[in-house]
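# Sequence isn't available, so here's the structure alone:
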């Protein structure tokens, strides 16, 4: 491996991604949202659909960079295994606690979720990285993607006696309904369900493969060229695959993995070129601040939701007052909902900035 210089672009990429995730999850009202800030109804892709796979891709890159440094420092694998398992449990548990907060209704606890999927992808990716080479990791990713595709398009959905790829009517949804305990996000199935987590692991592995390339002995310029080219190739393969296995975030299809990982890799390559090679870091600071405590800020955003969406002021919550103001002034309600989300991000920036200034980095 080549000498690794910390990438400002990756830190900023992580931070801007988590900020975008918080923003799209917190409009003033779900009734008025600009189309790019919505998830695709089923098949298809919007900018919002890129956020979660981008973050998982970044998790994979970070695994490669962080554990390469530890291996080169001679840290035994045993202590690393323990820390990996402990971190996985903490992230998974925090995901469940966020669902329970603030009512703590344990009868309707959701076992699946965003942080829970991140925890599983991190666990598998880290263990795979510590015990295999990049070629094996690429083979595992390919097996996951092809195997998931074959399962989804060849195994008939019980109750329908034919292959289905419709909302709630596919083999992944059936597995969730039978084997996933607790509350399901879509009542009978969950977008972070059991079977669709397998291709999500492939997303994490794609990030690890990008990390291997970043750590190679090639020059920075060649790394960028290779990363962009290979990512573009993945995007093209995913695009053509989508004609027989549509791009779909809800069931995290194999084509979705390749298209989004390709876009993530090209974005990272462009960011490395502009920020780390050309040295244009002027606008990276907000991303670095968010990214330095990415998961902690994501968790804190749920706490901020209480004053922003739950507490009553003058009989209504703040988001309702905000939208009433826009309606009374005959201003765009989509704009009102969007600006409220931006304000929400600004308030979340405050604790992120304080933690950053005090050099406090919370590693769940």
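Happy to help now that I have it. Keep in mind it's a predicted model, so treat the numbers as computed, not measured.
# thought residue 248 was touching residue 46?
No: taking Cβ atoms under 8 Å as the definition, residue 248 is not a contact partner of residue 46, at 12.0 Å. In this view, the C-beta of every residue, glycine as well, is placed from N, C-alpha and C.
# Which one's more surrounded, those two?
The residue with more neighbours, out of residue 248 and residue 46, is residue 248; 24 against 16, by other Cβ atoms under 10 Å.
# Which pLDDT value belongs to that one?
pLDDT for residue 248: 98.
# List phi and psi for the spatially most central residue of the chain.
Nearest to the geometric centre of the chain sits residue 52, at 2.7 Å (Cα atoms, centre = their mean). Main-chain dihedrals, residue 52, degrees, to the nearest 10: phi -60, psi -50.
# these two touch, right, it and residue 115?
No: at 11.1 Å, residue 52 does not count as touching residue 115 under the criterion of Cβ under 8 Å.
# ok, residue 148 - contacts?
Counting by Cβ atoms under 8 Å, 6 or more residues apart in numbering, residue 148 makes contact with 195, 196, 198, 199, 253, 254.
# Kindly recompute the last result at 6 Å.
If a contact means Cβ atoms under 6 Å, 6 or more residues apart in numbering, then residue 148 has 198, 199, 254 as its contacts.
# Which secondary structure element is home to the nearest residue to it once chain neighbours are set aside?
Among residues not flanking residue 148 along the chain, residue 199 sits closest, at 4.8 Å (Cβ to Cβ, 6 or more residues apart in numbering). Residue 199 is part of helix 197-214 when elements are defined by DSSP states H and E.
# Identify the residues contacting that helix?
53, 56-57, 59-61, 63-65, 117, 120-121, 124-125, 129, 134, 137, 141, 144-145, 148, 223, 226-227, 252, 254, 257, 261, 265.
# any idea which helix or strand comes after it?
Next along the chain after helix 197-214, taking DSSP H and E as the criterion, comes helix 220-241.
# How about residues contacting that following helix?
Contacts of helix 220-241 (Cβ under 6 Å, 6+ apart): 213-214, 255, 258-259, 261-262, 265-266, 269, 272-273, 277.
# And the helices in the stretch 251-364 of the chain?
254-271, 285-291, 294-305, 318-328, 333-357 (DSSP state H, counting those that start in this stretch).
# Let me see the mean pLDDT of the third one.
Predicted confidence along helix 294-305 averages 92 (mean pLDDT).
# which strands and helices sit next to that helix?
For helix 294-305, the packing partners by 3 or more Cβ pairs under 6 Å, 6 or more residues apart in numbering; DSSP states H and E come out as helix 8-24, helix 333-357.
# quick one: which of those helices is nearest residue 186?
Of all the helices and strands packed on helix 294-305, it is helix 8-24 that lies closest to residue 186, at 18.2 Å by Cβ to Cβ.
# who does the closest one touch, helix- and strand-wise?
So helix 8-24, by 3+ Cβ pairs under 6 Å, 6+ apart, packs with helix 51-72, helix 285-291, helix 294-305, helix 333-357.
# Now do the contacts for residue 155.
Contacts of residue 155 by Cβ under 6 Å, 6+ apart are residue 171.
# Stretch 57-75: how far from the chain's middle?
The chain centroid and the centroid of stretch 57-75 are separated by 19 Å under Cα atoms, centre = their mean, to the nearest Å.
# What residues of that stretch count as buried?
Residues 57, 58, 59, 60, 61, 62, 63, 64, 65, 67, 68 are the ones in stretch 57-75 that count as buried (16 or more other Cβ atoms under 10 Å).
# Turn the contacts of residue 148 into TSV, columns for pLDDT.
Below are the contacts of residue 148 laid out as TSV (pLDDT from 0 to 100):
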residue	pLDDT
198	98
199	98
254	98
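# looking at those residues, which has the most residues close by?
Ranking the contacts of residue 148 using other Cβ under 10 Å puts residue 254 first, with 27 neighbours.
# how close does the closest residue to that residue other than its chain neighbours get to residue 123?
Nearest-residue entry for residue 254: residue 145, 4.1 Å, with adjacent residues in sequence omitted and distances by Cβ to Cβ, 6+ apart. Distance, residue 145 to residue 123, by Cβ to Cβ, to the nearest Å: 19 Å.
# Looking at those two, which is more packed in?
Taking other Cβ under 10 Å, residue 145 and residue 123 do not tie; residue 145 has more neighbours (27 against 19).
# so which helix or strand takes in that one?
Here residue 145, judged by DSSP H and E, is contained in helix 134-154.
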